[in-house]
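Student: no FASTA, just this:
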DNA sequence: TAGAGTTAGTTCAAGCAACAACTATTGCGC
DNA sequence: GCGCAATAGTTGTTGCTTGAACTAACTCTA
């Protein structure tokens, strides 16, 4: 590139090219597995997973958008499609009629139960099987640090209850 | 989720939810900066960067697709758009008339020189500024390990010359 | 209790990506 | 040499994401 100035160091560059490649390849790999085995996008799966952990299996659109790191328009379309398939329901909130509560249906819950194991296997295969326990902790630390820059307000982090995937 | 079986450990789950969030947010953040400041997608930028490091600033389509982790149809469209803007040129390879050689033009090189510093700043801001040198090495190691699972043949790794971003 | 401003969500147009089908060129076997 | 398979790219269709309006509902203030 021959541009002077504050360039990346060799160590940073090595980390960067690999991170970029992971960013490009991992989402596609996860999408392929879920789409093939469950007919779901990885993002769809995340929506269902968040709902399945929420109290009453219900969340408000804005809250759900925050947890899934999505914009509201994007979530709106995804939720519409999932509702058409009967996996979730939409109810206007009685208290605030601007708001919409999204609820996981029984069919949606069964879908999760059926598709989760295969997805977990894929996550293990692509990510955790080849990492040492120390590396898992390092990854959590590093990704958490990045998140504080990417989402400084921290709005977009779920309660971190149990069992997300 | 209440599904028995080989679930993720708490440590793995902590790493996973953070990694997922980074996967969702970082590409968008990089895209926004480049689109706003340079009128380029992050993928566009990667294409130009790869070309700027190649000998003669020229690469074959298939080779370039490998380096940028893209499918050939996707690259074909991107290259067409970049060529329309005068940033690259396409030449049928004299030796093998099936093949297309893509070359960075002088305008394309100037575009890189103009937009690289701002992009590097963004990369620093989102990723490296808040990581220790040890974490940078750990990240390189971890991402490299994942890549071996995601791209076992290793086809998709560039020569790792100097100055990629 | 109006009116201004804010919040929640949907919809619309434009652009990009994935997958499949297609063309053109090359190389190999007989 | 002739024909078949493999290689290198392109094109076209469909679906999804994004960003910008737009509607509806709520709140705060005068």
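Tutor: Right, received. Where do you want to start? No experiment lies behind these values; they were computed from the predicted model shown.

Student: ok, longest helix in chain A?
Tutor: Counting residues, the longest helix found in chain A (DSSP state H) is helix A:10-38.

Student: can you pull the contacts of the most centrally placed residue in chain A?
Tutor: What sits nearest the mean C-alpha location of chain A, by Cα atoms, centre = their mean, is residue A:46, with 4.7 Å. By Cβ atoms under 8 Å, 6 or more residues apart in numbering or on different chains, the contact list for residue A:46 reads A:68, B:20. To be clear about C-beta, it is placed using only N, CA and C from the backbone, and glycine gets the same treatment.

Student: mind redoing it with 10 Å?
Tutor: Listed by Cβ atoms under 10 Å, 6 or more residues apart in numbering or on different chains, the contact partners of residue A:46 are A:30, A:40, A:64, A:67-70, A:78, A:164-165, B:17, B:20-21, B:24.

Student: and for residue A:93, the neighbour number?
Tutor: Using other Cβ atoms under 10 Å in any protein chain shown, residue A:93 is surrounded by 13 other residues.

Student: cool, and residue A:58?
Tutor: 17.

Student: once you drop chain neighbours, what's closest to it?
Tutor: In this structure, residue A:58 finds its nearest non-sequential neighbour in residue A:103, 4.3 Å apart by Cβ to Cβ, 6 or more residues apart in numbering or on different chains.

Student: now that neighbour, what's its secondary structure?
Tutor: Following DSSP: H, G, I helix; E, B strand; the rest coil, residue A:103 is assigned to strand.

Student: residue A:121 contacts residue A:127, correct?
Tutor: No. Between residue A:121 and residue A:127 there is no contact under Cβ atoms under 10 Å: 11.3 Å.

Student: looking at those two, which one has more neighbours?
Tutor: In this view residue A:121 and residue A:127 are compared by other Cβ under 10 Å, and residue A:127 has more residues nearby, 25 against 15.

Student: so residue A:29 sits right up against residue A:42, yeah?
Tutor: Yes. At 9.3 Å, residue A:29 counts as touching residue A:42 under the criterion of Cβ under 10 Å.

Student: can you check the distance spanned by stretch A:96-107, start to finish?
Tutor: Using Cα to Cα, to the nearest Å, the end-to-end distance of stretch A:96-107 comes to 27 Å.

Student: list of residues touching that stretch?
Tutor: A:47-54, A:56-64, A:75-76, A:79, A:82-83, A:85-95, A:111-112.

Student: where are the low-confidence patches of chain A?
Tutor: Along chain A, segments meeting pLDDT under 70 span A:1-5, A:153-165.

Student: tell me which stretches of chain A form strands.
Tutor: Secondary structure of chain A (DSSP state E): strands at A:58-60, A:88-92, A:100-104.

Student: do the first one and DNA strand C meet?
Tutor: Yes. Using Cβ under 7 Å from any atom of the strand, strand A:58-60 reaches DNA strand C at residue A:60.

Student: for that strand, packing partners?
Tutor: When contacts are defined as 3 or more Cβ pairs under 10 Å, 6 or more residues apart in numbering or on different chains; DSSP states H and E, strand A:58-60 packs onto helix A:42-53, helix A:61-67, strand A:88-92, strand A:100-104.

Student: what touches both of residue A:29 and residue A:42?
Tutor: residue A:122.

Student: looking at chain A, which residue is nearest DNA strand D?
Tutor: The nearest approach of chain A to DNA strand D comes at residue A:97, 3.3 Å away (Cβ to the nearest atom of the strand).

Student: might you enumerate the residues of chain A proximal to DNA strand D?
Tutor: Checking chain A against DNA strand D by Cβ under 7 Å from any atom of the strand, the hits are A:41, A:43, A:70-71, A:73-74, A:77-78, A:81, A:96-98.

Student: distance of residue A:32 relative to chain B?
Tutor: Using Cβ to the nearest Cβ, to the nearest Å, we find residue A:32 at a distance of 11 Å from chain B.

Student: whoops, residue A:26 was the one
Tutor: The spacing between residue A:26 and chain B, counted by Cβ to the nearest Cβ, is 6 Å.

Student: again with residue A:138
Tutor: Using Cβ to the nearest Cβ, we find residue A:138 at a distance of 5 Å from chain B.

Student: around the nearest residue to residue A:71 once chain neighbours are set aside, how many other residues sit close by?
Tutor: Excluding the flanking residues, the one nearest residue A:71 by Cβ to Cβ, 6+ apart is residue A:65, at 6.8 Å. Number of residues near residue A:65 (other Cβ under 10 Å) recorded here: 22.

Student: you'd agree residue A:65 is up against residue A:59?
Tutor: Yes. Counting by Cβ under 10 Å, residue A:65 touches residue A:59, with 9.4 Å between them.

Student: what touches both of these two?
Tutor: Residues within reach of residue A:65 and of residue A:59 at once, by Cβ under 10 Å, 6+ apart, are residue A:47.

Student: hang on, the earlier thing: what's the most buried one of the helices and strands packed on strand A:58-60?
Tutor: Stretch with highest mean neighbour count among the helices and strands packed on strand A:58-60: helix A:42-53 (a mean of 23; mean count of other Cβ atoms under 10 Å in any protein chain shown).
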